[in-house]
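# return a 3D structure for these sequence lines:
(2 chains)
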Amino acid sequence: MNKRAIGFVLLVLTLAGVVVLSVTVGSRGLPPETIWAALTHHEPALPEHLIVSEVRVPRTVIGLIAGMALGLAGAVVQGVTRNPLADPGILGVNAGAALFVVIGISVFGLTDLIGYVWFSFAGAAGAAVLVYLIGAMGSGGATPVKIALSGAALSAVLGAATTAVLLTDADTFEEFRLWQVGSLAGRGAEVAVQAAPFLLIGAVLALASARVLNALGMGDDVAVSWGQNVTAGRLLCGAAVVLLCGAATAMAGPIGFVGLVVPHMARIVTGPDHRWLLPYAMILAPVLLLSADVLGRIVAHPGEVQVGIVTAVIGAPVFVALARRRRLAEL
Amino acid sequence: MTGVVAAQRRAEQRRATTATTGVLLAVVAMFLLTLSYGEFRVSLVDVVKSLSGSGLPAVDYIVHTIRLPRALTALLVGLAFGLSGAIFQRLVRNPLASPDVIGVSAGASTAAVTAIIVFGAGGVFVSVAALTGALLTATAIYLLSWRSGVGGYRLVLVGIGIGAGLSSITSFLMTRADVRVAQEALFWLTGSVNGRTWGHVQPLAAELLFLVPAAMILGRALNGLQLGDDLARGLGWRVETTRLALLVTGVLLAGAATAAAGPVAFVAFVAGPIAARLVGGGRPALPASALVGALVVLVADFIGAHLLGATQFPAGVLTALVGAPYLLWLLASANRGGKA
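From the prediction side, this is the model:
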């Protein structure tokens, strides 16, 4: 077994450990026996068992799937744009989802997370496509700076429209401000079920695009000479990113920086080969997301800090460190 | 030959003077319109009479107590943002380096929202917090993007990253507050000159009394700095000192404006490039940028207050809706030239 395979096994074990932590740590201290009993001999009448089955387990499952989606999406989007700073938060995806959710609440009277899913999905997908198109316009192609800036600018437009609605509608604001910070809490299992098909298709597309990404990484000319259809490859990757980001945002709300940081951490072990990078990112991201979520529960005990805040506070310094690197455009 | 160059230069000078005068007249016209238009209309003659101190008491109340503070805040805030944006853009030699794009405004916002929500502050304390936040963030961004000199794009990217982190802290604070307090914070975050009193105008005016002349004097060094550090040093400029003084002036201008009206989005960003286009010469001249900034805020406030039906929208909503597409257009058109 080589180094990367051993690393992968260790990573999966770490993920299992974090999953256990996520089920055991919470505002209500439950002894391990109780949690074990709740999972094996579930009694709906016991409140302790309900905490485990209705709160901790769905939350962990959503963190697991949303994390996988964000990690894969980050790795694919960084590969396809050859842009080390690409991330759903920076790319305006979150702002797009936010605007559509606000419209959903304000105009269509949505009140539950199930209803938000479709709107945030549509908004996220629309914004991702728009930002990439604007950033890629012209001969220079989609450089890191152009993508980051078109993301920032589009976020500002969408944000202004969101604010315009919120200022005129206090009820919508009350609903929205809680969705706006990404969180794994309070999402029922139905939300995960609803988003699952998209995630599954997105994950299959993403994992299947490893060879395409490796070819694109050599530059378009080399990719073409290898017999790679560059446009089709980009479209495949783009579809994967939109499905994954849209579904993750629909489930957990806007969570920034996970998709940005994870591929960089994975690349330290795997190098640039996407056949290893993608699976690594897919397992590492939920490790990070669930750890951040557990951390958010510990630091503000007995309340909690939403996971989106924790990831942003950890992720922003990493972004800055990456931006300081001299040769930015290279992976 | 020299005659041709001199004639060319005179023509450019004439165009710059004409354009700047044109913007100045537009600002004055918009200012008077803001004073005269509203639920109770005051004729322009009465406005001028009231301003010169010979108006009717009822008119005086509307003009002096209600409309003048708001109009003056819009004017001064716009001037400050426009000037600050142009200083940043010329200093970093990058049209994207305005304080609202690179996260200085995000710092002011996080500080102000902390003051509103955590400490229940209002009025002057919010302003002081915003100013402090802007200064601290600017210092952090400057130091973090320093790497044997501050590179233009590194500054922009570091600023965007810091801005993203800070705005998520702002959203977190919003979830923790009572919904009414949070909405107050949201209103502040949007940037508005609605309901401003003389208590807002006076500190802002006092700050600008120092900052605007400082900017104009230091601004003369910009042409020298634009030639590159070595040449500027050769011409006798103290490069680092001048650059630092200009940066501090720019941050203070943005901070003072944000303190008075909130982070009115994209005014600092668009004022410089619009001014450059009007005046010619390819670089945003400082006086013209300041005037364009004032015009943008006055117009946005007027539209938001009177032209969008029954609801009053804060100026910041309109400036972002107009300004951000301009940024996108700038990106798209710069790409076509193969630059950026």
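# for the rest of this, base every contact and every neighbour count on C-alpha atoms.
OK.
# what's residue 222 in contact with, if anything?
You didn't pick a chain, so chain A it is. A:215-216 (CA atoms under 8 Å, 6 or more residues apart in numbering or on different chains).
# please go with chain B instead
B:90-91.
# give the buried residues for the host helix or strand of it.
Assigned by DSSP states H and E, B:L222 falls within helix B:198-226. For helix B:198-226, burial by neighbour count (16 or more other CA atoms under 10 Å in any protein chain shown) applies to B:198, B:200-201, B:203-205, B:208, B:211-212, B:215, B:218-219, B:221-222, B:224-225.
# quick check, nearest of the residues you listed to chain A?
Nearest to chain A, judged by CA to the nearest CA, of the buried residues of helix B:198-226 is B:H200 at 22.4 Å.
# secondary structure element for the residue lying closest to the closest one once chain neighbours are set aside?
Distances taken as CA to CA, 6 or more residues apart in numbering or on different chains place B:A260 nearest to B:H200, at 6.1 Å, with adjacent residues excluded. Here B:A260 sits within helix B:239-261, counting by DSSP H and E.
# export that helix to PDB, keeping only CA atoms.
Output in PDB follows, covering the C-alpha atoms of helix B:239-261 (Å, rounded to 0.1, in the frame of the first residue of the first chain):
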ATOM      1  CA  VAL B 239       7.800  58.300  -1.300                       C
ATOM      2  CA  GLU B 240       6.900  56.200   1.700                       C
ATOM      3  CA  THR B 241       5.900  59.100   3.900                       C
ATOM      4  CA  THR B 242       3.700  60.600   1.300                       C
ATOM      5  CA  ARG B 243       2.100  57.300   0.500                       C
ATOM      6  CA  LEU B 244       1.400  56.600   4.100                       C
ATOM      7  CA  ALA B 245      -0.100  60.100   4.700                       C
ATOM      8  CA  LEU B 246      -2.300  59.700   1.600                       C
ATOM      9  CA  LEU B 247      -3.500  56.200   2.800                       C
ATOM     10  CA  VAL B 248      -4.300  57.500   6.200                       C
ATOM     11  CA  THR B 249      -6.200  60.500   4.700                       C
ATOM     12  CA  GLY B 250      -8.200  58.100   2.500                       C
ATOM     13  CA  VAL B 251      -9.100  55.800   5.300                       C
ATOM     14  CA  LEU B 252     -10.100  58.600   7.500                       C
ATOM     15  CA  LEU B 253     -12.300  60.100   4.800                       C
ATOM     16  CA  ALA B 254     -14.000  56.700   4.200                       C
ATOM     17  CA  GLY B 255     -14.300  56.200   8.000                       C
ATOM     18  CA  ALA B 256     -15.800  59.600   8.600                       C
ATOM     19  CA  ALA B 257     -18.400  59.200   5.800                       C
ATOM     20  CA  THR B 258     -19.300  55.600   7.000                       C
ATOM     21  CA  ALA B 259     -19.700  56.900  10.500                       C
ATOM     22  CA  ALA B 260     -22.200  59.500   9.400                       C
ATOM     23  CA  ALA B 261     -24.200  57.500   6.900                       C
END
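# quick one, that helix and helix B:198-226 angle?
Computed by axes from the mean of the first three to the mean of the last three CA atoms, to 10 degrees, the angle separating helix B:239-261 from helix B:198-226 equals 160 degrees.
# look at A:F8 and say how many residues are nearby.
When neighbours are defined as other CA atoms under 10 Å in any protein chain shown, A:F8 has 18 of them.
# mind listing what the closest residue to it other than its chain neighbours touches?
For A:F8, ignoring the flanking residues on the chain, the nearest one in space by CA to CA, 6+ apart is A:Y280 at 6.6 Å. The contact partners of A:Y280, by CA under 8 Å, 6+ apart, come to A:8, A:11, A:266, A:270.
# any chance of those in a markdown table, plus pLDDT and secondary structure?
Shown next, in a markdown table, are these (pLDDT from 0 to 100; DSSP: H, G, I helix; E, B strand; the rest coil):
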| residue | pLDDT | secondary structure |
| --- | --- | --- |
| A:F8 | 89 | helix |
| A:L11 | 90 | helix |
| A:A266 | 85 | helix |
| A:T270 | 83 | helix |
